[in-house]
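Visitor: need coordinates for the below:
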Amino acid sequence: MLQQLKGVMVILDGLGDRGIPAFGGRTPLEAADTPNMDRLVSTGQVGFVDPMLPGLPLSTHTATGLLFGLPMGIAANLARGPVEAAGIGIANDPEAIYLRCNFATLEKLHDRYRIIDRRAGRIDAEKASLALELKEIDLGDDIKATVHPATQHRGVVKLSGPGLSHMITDTDPGNQYKRHGLLECRANDPADPAAVRTAQAVNRLSTIVYERLLDHPANQERRQASQPLANGIICRCAGRLPRLHTQIAHLKLKTAVVAGEKTVLGLAAMLGYSQIHDPAFTSLPDTDLDRKIARTLVALRDHDLVFLHIKGVDICSHDFNPLGKRELLERIDDALAPLLSDELVIGITGDHSTDSNSGRHSGDPVPSLLYGPQGRIDGCQVFGESACCQGGLGRINSSGYLTSLLDMMNALDNYHPHNACLYF
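Guide: As a prediction, this is how the structure comes out:
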């Protein structure tokens, strides 16, 4: 009887990068000293993974959802708001509208708001007390809102009431268009009364939050310390709770996710995967890597597949810090040593690439490796973008990468047309 192997997929958020002038045109991964990853490469295969389509930048929840086994059509339409809500344990109302938000630094200019800092200096410690001020807000028209703290500067808005719609626009212009200021929320279709009503409620919420937080004690302390105020919220990615299915669930594989990022834990909760987190697991480079590896090894005792997610790599790129990214990759490589095993299928990839020169997600393919005890060996020796151009995995999408890992685990049967919805 064919033995099914256990597997680990290490997701290094924002792993891929572009050439860095200070590194002589090499990427942070190419410039890093990674002997353990190189060892896996020399006995396995490498290649490039396009999360969805070549050249298309993706956000974390979409790209990670694909690696977690969501079919492309479902992942493409998955809103971030409900995912964040699931990550903090408030996804309990199928009729509510959930929005992802940032605590931000705003400046009121007449009837508009200028955005000074979309992340309020990456505020963290004080956001819980700020959210208490926003625990329940009556927006009129039988609509109520609550704002809940999430990872770092992020939060989740929950809108409750009859006749709401998620078909509304964002108030967050994005970092690239921050100069436009806080945007007015609008209905995608002006003829849709539910969407118009919901958009108006979001705009009222923006005003009320600013009024309540401007002189909040936490902001008074931040003002005295010359720190950016968290005096407003910027919202995006509205949605309702979806019904999801995955290839992994169809295979009845017991699956765990080890992570400190609420978005990733939210996806795990929505998909029915075990969520393994710890106060020492953060979304920053200071996360406890050794503890994450130790918890991964424990999870493998009673799970078939474990996803190990590390967010800090992406944060370094967003902060224009390729040196920090290189150093973190070296620390990760060192921490991975206990995972190396002749009885374990190991994949190392990223959800997407993040360019440390521009600080943005890019559409570049992600360098990826795949090792199995009896898997193919392609002859590549080092892990990096240049080497992956020549690897045996070629250039595949995230769904294909997960399928390749599952196949190497001996977890797959032959394809049947009635299961096509699990892949596409």
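
Visitor: contacts, neighbours, all on C-alpha from now
Guide: Noted.

Visitor: could you pull out the helices in the stretch 151-300 of the chain for me?
Guide: For the stretch 151-300 of the chain, applying DSSP state H, counting those that start in this stretch gives helices covering 193-213, 217-224, 247-250, 262-271, 289-299.

Visitor: among these, which is nearest N231?
Guide: helix 193-213 (4.8 Å; CA to CA).

Visitor: by contact count, what packs against the closest one?
Guide: If you count contacts as 3 or more CA pairs under 8 Å, 6 or more residues apart in numbering; DSSP states H and E, helix 193-213 packs onto strand 232-239.

Visitor: now do the strand it packs on: everything it contacts.
Guide: With contacts defined as CA atoms under 8 Å, 6 or more residues apart in numbering, strand 232-239 is touched by 79-82, 97-106, 118, 166-172, 182, 206, 209-210, 213-214.

Visitor: and for stretch 98-111?
Guide: 80-82, 84-85, 113-120, 123, 127, 153-159, 228-240.

Visitor: tell me which of the helices of the stretch 151-300 of the chain sits nearest to D314.
Guide: Across these, closest to D314 is helix 262-271 (CA to CA), at 13.5 Å.

Visitor: how about that closest one: buried residues?
Guide: For helix 262-271, the neighbour count (16 or more other CA atoms under 10 Å) marks K262, T263, V264, L265, G266, L267, A268, A269, M270, L271 as buried.

Visitor: try stretch 86-105
Guide: Neighbour counts over stretch 86-105 (16+ other CA under 10 Å) mark 86-88, 91, 96-105 as buried.

Visitor: sorry, back to before: just name the most buried of the helices of the stretch 151-300 of the chain.
Guide: Burial of the helices of the stretch 151-300 of the chain is given as mean neighbour count (mean count of other CA atoms under 10 Å); helix 262-271 ranks first at a mean of 24.

Visitor: can you give me the mean pLDDT across that helix?
Guide: Mean per-residue pLDDT for helix 262-271: 91.

Visitor: cool, and stretch 79-99?
Guide: So the average pLDDT for stretch 79-99 ends up being 90.

Visitor: and that stretch, how far from the chain's centre?
Guide: 15 Å (CA atoms, centre = their mean, to the nearest Å).

Visitor: what's the span of that stretch, first residue to last?
Guide: 9 Å (CA to CA, to the nearest Å).

Visitor: next one: stretch 101-116
Guide: OK, stretch 101-116 end separation, CA to CA: 16 Å.

Visitor: cool, and stretch 356-369?
Guide: 22 Å.

Visitor: residues of that stretch that come out buried?
Guide: For stretch 356-369, burial by neighbour count (16+ other CA under 10 Å) applies to 356-357, 359-369.

Visitor: and which of the buried residues of stretch 86-105 is nearest A131?
Guide: Comparing these against A131 with CA to CA places F103 closest, at 9.5 Å.

Visitor: who does that closest one form a beta bridge with?
Guide: Taking DSSP bridges, one obtains I233 as the residues bridged to F103.

Visitor: returning to what we had before: Throw the buried residues of stretch 86-105 into JSON lines and include distance to Q4, thanks.
Guide: Putting those into JSON lines (distance: CA to CA, whole Å) gives the following:
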{"residue": "A86", "distance to Q4": "31"}
{"residue": "G87", "distance to Q4": "31"}
{"residue": "I88", "distance to Q4": "34"}
{"residue": "A91", "distance to Q4": "34"}
{"residue": "A96", "distance to Q4": "41"}
{"residue": "I97", "distance to Q4": "41"}
{"residue": "Y98", "distance to Q4": "39"}
{"residue": "L99", "distance to Q4": "40"}
{"residue": "R100", "distance to Q4": "39"}
{"residue": "C101", "distance to Q4": "42"}
{"residue": "N102", "distance to Q4": "43"}
{"residue": "F103", "distance to Q4": "46"}
{"residue": "A104", "distance to Q4": "48"}
{"residue": "T105", "distance to Q4": "52"}
